[in-house]
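**Q** Would you be able to build a 3D model of this:
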Amino acid sequence: MSIPGANISSDRRHFFMSSAQLEALEKKEALEQDPLRQKIGNPIRAGGRILGFDLSGPTTAVLALGSHQAKVSDLVAKECKRTYVRHTGPVTSVAVLSSTYILEGSRIGLSASWDKTIKVWMVDRPETTVAVLVGHEDFVKCVVAHPVLPLVYSGSADKTIVVWKLPEDVQELNAEGAPKEIAPFKVIKGWHTGQIYTMCLDPTAETLYSAGSDASIRAWDAMTGKAIEAAVNNNSDDNNWVIPRGQHKTNIFDIKATDTGLWTASADKTVIGWDLETCTADVVLEHNTVVNCVLPIPQVGVVVTGTNGGVIYVWRVNSGTPGIIREIHAHTDDVTCLRVAGRVFYSSGLDETLRVWDIRDVVDFKDGLEYVPKELAGLKKQEQAVSTSSAKNANGHSVLTEEEERELAELMSDLDDL
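**A** Predicted coordinates for the structure are as follows:
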């Protein structure tokens, strides 16, 4: 007699998997064989699940891999360097220091890991670790680099944020001939009550924002690590700037700041745009699945979101009721990170790929809700013509009126200045 939900496959890869898990795996494997998904977004294959990435100039990306590695990818050649940074646990986050902080002609990369360390290394020679930041007591979940100064910020499962100061003279990193061990400059603790998953600096690099499993958002002086005071009464017991748990119900996975506000993505299936002065939600973008990452592109009035299952959504948020104007079905597993660089944005996923998207081409696309580049239209299967959205208001058609299309076209002209 068979057990309901049991898997009786003879494939050893499928042992201990339920029927539902096996069905999901088979669906994923089928998507991986789809000729369109193999080409759309010009994928770079990393050889490991990409948990996050950062850009190091226009031709280079650094990748955080679940396979205990940080790799460097050539965005032009569409391949990764053979050498890489080694950790003893999954690499959860990476960042690149200022373009003025150069050692032997190379920019400096950072990789944070479950091994409780942050390694400092040369992007041109990723096998060369020049320093190790030691001080967290649990997994390091995120790392952020100051855009100008040799300052580093990290958030951890130990519920702390650490501010690190690297030597002002970058040559000191290489003076001892062995990786320099650096201790924390400032430890921020006792504020967050859960793991810290994500942080970001505002465009002025004066304020650091943090969020995580306690579903709250806090703000810190990026130079001193002190809590920022609230501009108005936001019901905080200590008069410090905070957005408490409530609007977001659970884990906040990503946070991004713009000149006009703050955006967060959550496991509660929402993305929220916040008013920084009142600490209230201005915009709520509802999805039907977990949202792992968010990317506001204010120049063209859109916000991009990346979800479990691999779908990327492009939302119009600059006027009227926010709505989806485009879907991108490319990744065959969860989308993990989104970043913008001039006229393009990049996405990474657990499908081990990094993909690139032309902003103008995606937003201006006229052939339906689901984006497929003209050069790949022939690969699109007939049954894919009708999109099956996992976001609440996606209905297979553009949500823009003629007037909104004209407004968006005007905004798109701003890309010419990038």
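
**Q** And the helices in the chain, which stretches?
**A** For the chain, the helices defined by DSSP state H cover 19-32, 35-39, 359-364, 402-412.

**Q** and those, which one's lowest on average pLDDT?
**A** Note on those: lowest mean pLDDT is at helix 402-412, with a mean of 55.

**Q** is residue 211 in a bridge, and if so with what?
**A** Beta bridges link residue 211 to residue 198, residue 217, judged by DSSP bridges.

**Q** How many residues are close by it?
**A** 29 (other Cβ atoms under 10 Å). From N, CA and C alone the C-beta is placed, and that goes for glycine too.

**Q** do the same with residue 187
**A** Around residue 187 there are 15 other residues, counting by other Cβ under 10 Å.

**Q** Let me know whether it touches residue 135 as I believe.
**A** Yes. If you go by Cβ atoms under 8 Å, residue 187 and residue 135 touch, sitting 7.1 Å apart.

**Q** Common neighbours of these two, please.
**A** Contact criterion Cβ atoms under 8 Å, 6 or more residues apart in numbering; residues shared by residue 187 and residue 135: residue 162.

**Q** Please name the residues that touch residue 182.
**A** Contacts for residue 182 (Cβ under 8 Å, 6+ apart) come out as 120, 131-134, 164-166.

**Q** That should have said residue 62, apologies.
**A** With Cβ under 8 Å, 6+ apart, residue 62 has these contacts: 53-56, 70-73, 94-96, 109, 111, 123, 126.

**Q** Could you do residue 265 as well?
**A** 252-255, 271, 291-294, 305-306.

**Q** From those residues, pick the one nearest residue 147.
**A** Using Cβ to Cβ, residue 255 is the member of the contacts of residue 265 that lies nearest residue 147, at 16.4 Å.

**Q** Mind listing the residues bridging to the closest one?
**A** Legend: beta-bridge partners of residue 255 under DSSP bridges are residue 264.

**Q** so it makes contact with residue 209?
**A** Yes. Between residue 255 and residue 209 a contact is recorded at 5.5 Å, counting by Cβ under 8 Å.

**Q** Which neighbours do the two have in common?
**A** Common neighbours of residue 255 and residue 209, using Cβ under 8 Å, 6+ apart, are 199-200, 217, 262.

**Q** Can I get those in a markdown table including distance to residue 182, neighbour count and pLDDT?
**A** Shown next, in a markdown table, are the shared contacts of residue 255 and residue 209 (distance: Cβ to Cβ, whole Å; neighbours: other Cβ atoms under 10 Å; pLDDT from 0 to 100):
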| residue | distance to residue 182 | neighbour count | pLDDT |
| --- | --- | --- | --- |
| 199 | 19 | 22 | 98 |
| 200 | 22 | 20 | 98 |
| 217 | 28 | 25 | 97 |
| 262 | 30 | 24 | 97 |
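
**Q** Right, I'll call it a day here.
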